[in-house]
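Q: pasting the sequence and the predicted model now:
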Amino acid sequence: MAYSLVLVLLVATSAVFFLVASKTAKWLRAFLYLRQRLPCSERARSLLSPTGDLANMNTPDRHRVVTALAEQFGPVFYLRALWLQARYTAVAIADPYLISEVLSNEALDKQSSHGYWIIDKMMSDHGEVNLVSSQTDAYWRSIRKVVATSFSTQQLKKNYHKVAAAGEDLVQVLKDNGADKAIDMHHGLLCVTVDVISRFGFNQNFGAVTSFGGGSGQHEFLDSILVATVEAQEFLKKPLRKFLGFLPHVRHSYATFEHFKTFMRNLVNQVKAAGEPAADDMTIAAQLMRCKDPATNKPLSDGQLLPMASMFFWAGYDTTGNTMTWTIFQISQHPKVEAKIVEELRHHAFLATPDKPVPETPKFEDLTRLTYLQSVIKEAQRLYPAVGQGTGRSSDVDVWLDNGKLKIPAGTTVWVMTHALQNTSHIWEDHDQFIPERWEEAGIENARPREDGQKGADNGSAKRWMPFLEGRRNCVGQPLARTSMASTLCRLYGNFSFRLADEMGGPEGVRDSESLALAIINPSNGMFMHAIPRV
């Protein structure tokens, strides 16, 4: 018996040793290869610096830190930092042609080690994946195909009144609040987005905007998802935290995840209790009920429904709400831009005036006619891409890009840097200026021709503006996001002008408050504004 036990221990120890040795060899191979071929910092280049770029990267505004590195080294460089979630080497890319190639290369896919594991932990009971965290496999494709129907133009037009209602609710809250009292528009716009998703996608009214105005809404849901997101970010900042579940503050983090999931379980139970959806019901909830797991050909289990439903709220409320927040901030700093918005709204009778204090209500088809407002939103999305941290891909085998010029060693993360793509002088003229008029140029979102004359694997279709990403993993809900932003901002600016509150510390204070929370650019101090009525 003792001999057998010793033998088992020796085999187990040997297996662990060879596993660690294999991973170390893979890391070292990539490190030695990439540091010789790509520009990088001295800390990343040196083995004597065990944390590499971590000291510079572990800051709230690391999206700007990385963009500064891209400005210094160019649109492709080597990055080494422990916070890259167990993939200790990364090729950071802000070149639009290479990004297009990366996002279309089937050998490069998402991995749990990119940080998606904590999203699964936050949204599921046993690590079940969602549309954001899943690899691009048969399961992901089947779910994506079914739920995409919910965001068709036909469905947006049919259910536009649900989108519009949330914006109207916020207008009423701002009227009741008055101009003298500063109000946190960041929180208010997050509430709008939560209500849009709950109404449009699940035939529920969470009443977040009503709660924001001091009524009796379901504000606790928004609080739960905000707190859970902050706690999840702590795991990415401190990779060893996942092994310290016995500590009180780590247990607290897991408790916040459970609080959020409690709301989502109740929602899933309500959806299931409603029974089989009507044939013409194409809401997100209905489509999730129609989804089948291709591995079993059975409807999704409760364990699968929970993260899928949770993902639509988490991925939707933060991205859309923050984009509208940054848009309002930029408009407040550019009076001439606001004046042009006002004239456009006046032209379409969507502006409150002394003669007509209650403006016309824009219909779904009116939103595309607001071309200048759409340009303003696009420019805000350029400066503040919602997923400012970008996205990661990797492969278990070596992958060659750029017609064989760039090798990505097996196990190496390819980091698509969306903020750097849209905010560096290599890619954009006047890259640090807010110029909505640039979007009057047709095709402005397309990449400049390559200097070497080659078109790359994408055959010339590369984009230098991709707030919703591109390729097969682009944002499935982007039609709803675009509709919600245009509808809400049209109503807000038709009724109010917004002035940045003194307590924000001016544009410098807002800049200093930029913070990434699970890859999303947030104003960590909120965005307090005075909503000044037009009439």
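A: Sure thing, it's come through.
Q: where does the stretch 51-200 of the chain have low pLDDT?
A: 82-88, 112-114 (pLDDT under 70).
Q: 50 instead?
A: Low-confidence segments of the stretch 51-200 of the chain (pLDDT under 50): 83-86.
Q: in the helix or strand of the chain with the lowest mean pLDDT, what's buried?
A: Lowest on mean pLDDT, DSSP states H and E among the helices and strands of the chain sits helix 2-37, with a mean of 75. Residues of helix 2-37 classed as buried by neighbour count (16 or more other CB atoms under 10 Å): 26, 27, 29, 30, 31, 33, 34, 35. C-beta: built from backbone N, CA, C; applies to glycine.
Q: okay, those residues in TSV with distance to residue 155 next?
A: Below are the buried residues of helix 2-37 laid out as TSV (distance: CB to CB, whole Å):
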residue	distance to residue 155
26	46
27	47
29	49
30	45
31	49
33	48
34	45
35	50
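Q: could you report the neighbour count for residue 407?
A: Number of residues near residue 407 (other CB atoms under 10 Å) recorded here: 17.
Q: now residue 89
A: 27.
Q: picking up where we left off before, for the least confident helix or strand of the chain, name the packing helices and strands.
A: Contacts defined by 3 or more CB pairs under 8 Å, 6 or more residues apart in numbering; DSSP states H and E place helix 2-37 against strand 76-79.
Q: and the helix or strand just after the strand it packs on, how far out from the chain's middle?
A: Per DSSP states H and E, the first helix or strand lying C-terminal to strand 76-79 is strand 90-93. Mean-position distance between strand 90-93 and its chain equals 19 Å (CA atoms, centre = their mean, to the nearest Å).
Q: show me which residues of the next helix-or-strand element following strand 90-93 are buried.
A: Tracing the chain past strand 90-93, the next element assigned as helix or strand by DSSP H and E is helix 96-104. Residues 96, 97, 98, 99, 100, 101, 102, 103 are the ones in helix 96-104 that count as buried (16+ other CB under 10 Å).
Q: again with stretch 137-149
A: Buried, per 16+ other CB under 10 Å, within stretch 137-149: 139, 140, 143, 144, 146, 147.
Q: how about stretch 488-502?
A: Those would be 488-498, 500-501, for stretch 488-502 by 16+ other CB under 10 Å.
Q: helix/strand/coil for the closest residue to residue 127 other than its chain neighbours?
A: What sits nearest to residue 127 in space, not counting adjacent residues and going by CB to CB, 6 or more residues apart in numbering, is residue 120, at 5.1 Å. Following DSSP: H, G, I helix; E, B strand; the rest coil, the label given to residue 120 is helix.
Q: same thing with residue 522?
A: strand.
Q: list the beta-bridge partners for it.
A: On the basis of DSSP bridges, residue 522 is bridged to residue 515.
Q: per-residue pLDDT, it?
A: Note for residue 522: predicted pLDDT of 95.
Q: hey, where'd the helices end up in the stretch 251-400 of the chain?
A: 284-290, 302-332, 335-347, 371-383 (DSSP state H, counting those that start in this stretch).
Q: any chance of the ones you listed in JSON lines, plus mean neighbour count and distance to residue 450?
A: Formatted as JSON lines, the helices of the stretch 251-400 of the chain follow (neighbours: other CB atoms under 10 Å; distance: least, CB to CB, whole Å):
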{"stretch": "helix 284-290", "mean neighbour count": "23", "distance to residue 450": "40"}
{"stretch": "helix 302-332", "mean neighbour count": "24", "distance to residue 450": "30"}
{"stretch": "helix 335-347", "mean neighbour count": "16", "distance to residue 450": "33"}
{"stretch": "helix 371-383", "mean neighbour count": "21", "distance to residue 450": "21"}
